[in-house]
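Undergrad: Have a look at this prediction, sequence included:
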Amino acid sequence: MKTVSDVIVVGGGPCGSFAALNLAKLGARVAVFEEHKEIGVPSHCAGHLSIEGLRRLGLYPLPSGIVENLFCGATFHSPHGRAFSVRFPRSVTCAVNRVLFDSHLAELAEKAGVDYQMGSRVESLVIRDGFVKGVVVNRNGDVEESAARIVVDAEGVSSRLLRQTGLSALDRRWLVNGVEAEVENAKNVLSDTVEVFLGNDFAPSFYGWLIPKGAGEAKVGLGAKIGNPRALLRKLMFEHPTASKKLNKATIKHIAFHPISLGGPIKESSSNGFLVVGDAASHVKPTTGGGIILGLNCAGLAAEVAWEALQKGDYSSRFLRSYHKRCQDTLDFDARMMLRMRKMLDTLSDAQMDGIISFCQRFKLDKALLDFGDLDFQGRSFLRILRNPRVLMALGHFFRVYLSANP
């Protein structure tokens, strides 16, 4: 088996392409193996991203056609029809076409010299003397080994390759089943506002969403720890006291299903000759389930460490562990804070959710939340807004509700 690449990246999603792009810019020979015939297909994710998060990564503004809509705020709907809205004076998030967004990152990587091998399913890792040395690839039934000094695993939530290294995969107790649909004929929708629907009858242990695209088109979805996602989506669209008024005449053009990991980053994300990024490493916000911005941040760190390893010729787990340490420095505090928030939210009954939404509305908490700042690193943002007396009052109310649910 000859070495044909410095680095093999498994998976051509955003995190895989971004790691490959950054490595190629540094001078590495990189190959990306993607099992599908086309980048971004099938699309599983709503593509609701923070503008500032993209800007920090050097990805914003995006080329024409990728951004489907811009949003100034969000409205949170309680299980029984109460609502609380937060509006910023400028656009803070955007919806992107995931096929075009993923393709854009892949095109940037290809222009930087990355070799994309489409229709190439990685069946397993090649491990010799305790080191990952490459991958076994299946191309339409033709199976062969491809060698590299480092393999970056960006395969997604399935974590097949990760388990082969002996690393602990993501905690499946924290998986929710997500469903994402493209709909037309949505009614009474504010074009610059994302809508969030709460209720354990509709999205147990998570929430539903409506992301307008314009002209009556929208992205609608939910996550649920239990129940059939397709049936729950239909229930949200036709029975939720608020969502049904907007969606009961809507028709679904496309639907996809995808598990979402809410347990926070895995305990170790590197071993001999091996790094893992994105959903496979559970680089996902436990609060919202959004993983693209966090994953891209860590994919950039993976590229840095992989390049340093190539320069030194050291592919040991001891050297590559600096990647995990850098991810911890970047994510750990926020991930732990967000996981605590998620655990607390999961304990609330529908009546308690109603009460919290009503409290936020009554005490005009929307003004205080304008200082929230970073939508991706939410732990730090939460500490920032604690200086506001209204937030402290709301937090006290929330803890009273939480304690009443957990005596």
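TA: Ah, there it is.

Undergrad: could you say what helices and strands the lengthiest helix in the chain packs with?
TA: Scanning the chain for the helix with the most residues, using DSSP state H, yields helix 317-346. Secondary-structure packing of helix 317-346 (3 or more C-beta pairs under 8 Å, 6 or more residues apart in numbering; DSSP states H and E): strand 270-271, strand 274-276, helix 292-312, helix 378-385. (C-beta placed from N, C-alpha, C; glycine too.)

Undergrad: Give the rounded mean pLDDT of the last one.
TA: What helix 378-385 shows for mean pLDDT is 75.

Undergrad: Check the longest one too.
TA: In this model, helix 292-312 has an average pLDDT of 98.

Undergrad: Give me the buried positions along that helix.
TA: 292-307, 309-310 (16 or more other C-beta atoms under 10 Å).

Undergrad: one step back: what's the angle from the longest helix of the chain to helix 292-312?
TA: 170 degrees (axes from the mean of the first three to the mean of the last three C-alpha atoms, to 10 degrees).

Undergrad: what are the C-alpha coordinates of stretch 357-369, in PDB please?
TA: In PDB, the C-alpha atoms belonging to stretch 357-369 read as follows (Å, rounded to 0.1, in the frame of the first residue of the first chain):
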ATOM      1  CA  ILE A 357     -42.900  31.900  28.400                       C
ATOM      2  CA  SER A 358     -45.600  34.000  30.100                       C
ATOM      3  CA  PHE A 359     -43.000  35.300  32.600                       C
ATOM      4  CA  CYS A 360     -40.600  36.300  29.900                       C
ATOM      5  CA  GLN A 361     -43.300  38.200  28.100                       C
ATOM      6  CA  ARG A 362     -44.700  39.900  31.200                       C
ATOM      7  CA  PHE A 363     -41.300  41.100  32.400                       C
ATOM      8  CA  LYS A 364     -40.100  42.200  29.000                       C
ATOM      9  CA  LEU A 365     -37.100  40.000  29.000                       C
ATOM     10  CA  ASP A 366     -36.600  40.500  25.300                       C
ATOM     11  CA  LYS A 367     -34.800  43.800  26.000                       C
ATOM     12  CA  ALA A 368     -32.300  42.100  28.300                       C
ATOM     13  CA  LEU A 369     -31.600  39.300  25.800                       C
END
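
Undergrad: Centre of the chain to it, how far?
TA: Its chain's C-alpha centre and that of stretch 357-369 lie 27 Å apart, by C-alpha atoms, centre = their mean, to the nearest Å.

Undergrad: what is the mean pLDDT for that stretch?
TA: 82.

Undergrad: can you give me the helices for the stretch 151-300 of the chain?
TA: Counting by DSSP state H, counting those that start in this stretch, the stretch 151-300 of the chain has helices at residues 160-164, 229-239, 243-247, 292-312.

Undergrad: Turn the ones you listed into TSV, including distance to S78.
TA: Shown next, in TSV, are the helices of the stretch 151-300 of the chain (distance: least, C-beta to C-beta, whole Å):
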stretch	distance to S78
helix 160-164	39
helix 229-239	14
helix 243-247	12
helix 292-312	28
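
Undergrad: P259: which of the ones you listed is closest?
TA: helix 229-239 (9.9 Å; C-beta to C-beta).

Undergrad: what residue ranges in the stretch 201-350 of the chain score low on pLDDT?
TA: Along the stretch 201-350 of the chain, no part satisfies pLDDT under 70.

Undergrad: how about the helices and strands packed on helix 317-346, which one is nearest G199?
TA: Using C-beta to C-beta, the helices and strands packed on helix 317-346 put helix 378-385 closest to G199, at 22.2 Å.

Undergrad: Spatially central residue in this protein, please.
TA: Centroid check for the chain by C-alpha atoms, centre = their mean gives G291 as the closest residue, at 1.6 Å.

Undergrad: got a list of what it touches?
TA: G291 makes contacts with I260, S261, G278, D279, H283, V284, K285, as judged by C-beta atoms under 8 Å, 6 or more residues apart in numbering.

Undergrad: again, but for V194
TA: Contacts of V194 by C-beta under 8 Å, 6+ apart are H48, F71, G73, A74, T75, T93, W209, L210, I211, P212.

Undergrad: try 7 Å
TA: H48, F71, A74, T93, W209, I211 (C-beta atoms under 7 Å, 6 or more residues apart in numbering).

Undergrad: can you check K37 too?
TA: So K37 contacts M118, G119 (C-beta under 7 Å, 6+ apart).

Undergrad: what's the closest of the contacts of G291 to R172?
TA: S261 (8.2 Å).

Undergrad: and the closest one, how many residues sit next to it?
TA: 26 (other C-beta atoms under 10 Å).

Undergrad: And the strands in the stretch 101-250 of the chain, which stretches?
TA: With DSSP state E, counting those that start in this stretch, the ranges of strands along the stretch 101-250 of the chain come out as 115-118, 121-128, 131-139, 142-153, 175-184, 193-197, 208-214, 217-224.

Undergrad: what's the neighbour count on the nearest residue to V179 once chain neighbours are set aside?
TA: Using C-beta to C-beta, 6 or more residues apart in numbering and skipping the chain neighbours, the partner closest in space to V179 is P229 (3.8 Å). Neighbour count for P229, taken as other C-beta under 10 Å: 21.

Undergrad: between the helices of the stretch 151-300 of the chain, which one is nearest to E107?
TA: Ranking the helices of the stretch 151-300 of the chain by proximity to E107 (C-beta to C-beta) places helix 292-312 first, at 15.8 Å.

Undergrad: roughly how far is that closest one from the heart of the chain?
TA: 18 Å.

Undergrad: what does it rub up against?
TA: Under C-beta under 7 Å, 6+ apart, the answer for helix 292-312 is 6-7, 14-15, 18-19, 22-23, 26, 28, 49-50, 53, 57, 149-150, 152, 275, 277-279, 281, 283-285, 315, 319-320, 322-323, 326-327, 330-331, 376.
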